[in-house]
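J.: Could you work out the structure for the sequence below:
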Amino acid sequence: SFATALIPMAIITFTLFLVVLLYLYCSTKKTTETSTLENAQRIKKVNKIFGQLKILLSFFQIFSSMPSVLDSVPWPNIVLEFSIPFSIFNMDFLTLLSQTSCGVSVRFFDRFLLHMILPLFCLLAVGMAYILSRACKKNLETRILLNEETSKVIILITLLLFPGLTTKIFQVWKCQSIDGIDGELLVQDYSITCHQGEHVTFIFMAVGFLCLYIAGIPLTMFILMWKNRKHLHDETSSRHAIVKKALGGLYSQCKFLSNVC
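T.: Got it, this is the predicted structure:
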C-alpha cells in the first residue's frame, strides 16, 4: 500500500525535525556561552571526528549499493545479508522495511517516487526546526549562528541523500534480457517490461530527477563555493569564518581542493 509506505516517511520526517531542533538549540547555546578560543578548539575537534565519520559512512553507502549496481557479480549470500541493513545509510528505508513488513513492501515505481520526494520531506523537517529555533532566538548574533548551523545541516543531509538518489534513479534504466521472454525486463521488478507502458513515463520522470538531483546538487554546491572562493581560505577575510562554518564540510577536509584554491 502506497499510503502505508508513507507512514515511515512521516515518522522519519518527525524524527529528523526533533533531532535538528535539538542540534540547533544546543549548538547555538554552546557557541554563545563559550569563549572564542574554547569555541575554536571545540570546532576543530568536532570537525576531525566528523571527517572520520564521513569516511566510514561513505564506505557503508558504497558497500550497500554494490550488490544492486554490480548485479552481474555472483555475490555470496553473506554479503547480500550484510548489504541490506546498510541500505539505511543510503536513506533507502523502504528497502530495509520491506524485508520485515508486507505493508510497506510496495512495487519498485512506488519506492522510486517515495525516495525522490524524501529530500522534500527532509527540507520540510529542517525548515520547521529552523523557523521554531529562530522564533526562540531574538539576539542578532545568535540568529547568524543559527543560519550557519542550518546551512551545515542542509549540506550534510544533501550529501547523505545523494548516493541513494543516484542509485535509485539509474535503476529505472536497468533492464535485462531473459531467454524465452520477448523484450527486456526491469531488474528491480521482473513483472515490468522495459520501454513499454508505465516504464516510459518513469523514464521521463527519471530524466527530470537526474537533472534536479544528480546534476543540480553538485552544480549548486559548485556555485556556492565559486561565489565565496575569495573567502574559503583567506583567514584575513571578514567572511572567512562564516563561509568556512557554513560550507566547510564541502572543502575544508579536501587537501587537493585546498591547494587548487
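J.: Low-confidence regions, the protein specifically.
T.: 29-44, 46-48, 50-51, 93-104, 253-261 (pLDDT under 70).
J.: Tell me which residue lies nearest the centroid of it.
T.: Geometric centre of the chain, nearest residue: L161, 1.8 Å, by Cα atoms, centre = their mean.
J.: Can you point out the buried residues in the helix or strand hosting that one?
T.: In the assignment (DSSP states H and E), L161 maps to helix 140-170. Across helix 140-170, burial judged by 16 or more other Cβ atoms under 10 Å covers 142, 145-146, 148-155, 157-169. No exception for glycine: its C-beta is placed from N, CA and C like everyone else's.
J.: How about the secondary structure of K138?
T.: In three-state terms, and counting by DSSP: H, G, I helix; E, B strand; the rest coil, K138 is coil.
J.: Tell me which stretches of the stretch 1-150 of the chain form helices.
T.: Secondary structure of the stretch 1-150 of the chain, counting by DSSP state H, counting those that start in this stretch: helices at 2-33, 36-69, 77-86, 93-97, 108-136, 140-170.
J.: Distance to H240 added to the ones you listed, as a markdown table?
T.: Output for the helices of the stretch 1-150 of the chain, formatted as a markdown table (distance: least, Cβ to Cβ, whole Å):
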| stretch | distance to H240 |
| --- | --- |
| helix 2-33 | 17 |
| helix 36-69 | 13 |
| helix 77-86 | 37 |
| helix 93-97 | 38 |
| helix 108-136 | 24 |
| helix 140-170 | 12 |
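J.: and G197, which of the ones you listed is closest to it?
T.: helix 108-136 (11.1 Å; Cβ to Cβ).
J.: Just the CA trace of stretch 109-116, in CSV.
T.: Taking C-alpha atoms only, stretch 109-116 is exported to CSV below (Å, rounded to 0.1, in the frame of the first residue of the first chain):
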residue,chain,number,x,y,z
PHE,A,109,7.9,2.5,-9.0
ASP,A,110,6.3,3.4,-5.7
ARG,A,111,9.6,3.1,-3.9
PHE,A,112,11.2,5.2,-6.6
LEU,A,113,8.6,8.0,-6.1
LEU,A,114,8.9,7.9,-2.3
HIS,A,115,12.7,8.1,-2.5
MET,A,116,12.5,11.0,-4.9
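J.: which outside residues touch that stretch?
T.: Residues outside stretch 109-116 that contact it (Cβ atoms under 8 Å, 6 or more residues apart in numbering) are 2, 5-6, 9, 91-92, 94-95, 98, 106, 164-165, 168-169, 171-172, 189, 192, 198, 202, 205-206, 209, 213.
J.: Equivalent analysis for stretch 130-148, please.
T.: 20-21, 24-25, 27-28, 31-32, 150, 242, 245-246.
J.: Of the residues you listed, just say which sits nearest to S65.
T.: So of those, ranked by how close each gets to S65 (Cβ to Cβ), first place is V20, at 25.8 Å.
J.: Could you double-check that that closest one sits in contact with L124?
T.: No - assessed by Cβ atoms under 8 Å, V20 is found out of contact with L124, at 11.0 Å.
J.: Which one of those two is surrounded by more residues?
T.: V20 (24 against 13; other Cβ atoms under 10 Å).
J.: how close does the more buried one get to A129?
T.: 4 Å (Cβ to Cβ, to the nearest Å).
J.: go on, C175?
T.: From C175 to A129 the distance is 41 Å (Cβ to Cβ).
J.: With neighbour numbers in mind, choose between those two.
T.: Between C175 and A129, A129 has the larger neighbour count (other Cβ under 10 Å), namely 22 against 16.
J.: circling back: report the buried members of the contacts of stretch 109-116.
T.: 5-6, 9, 91-92, 94-95, 98, 106, 164-165, 168-169, 171-172, 192, 202, 205-206, 209, 213.
J.: from the contacts of stretch 130-148, which would you call buried?
T.: Applying 16+ other Cβ under 10 Å to those flags 20-21, 24-25, 27-28, 31, 150, 242, 245-246 as buried.
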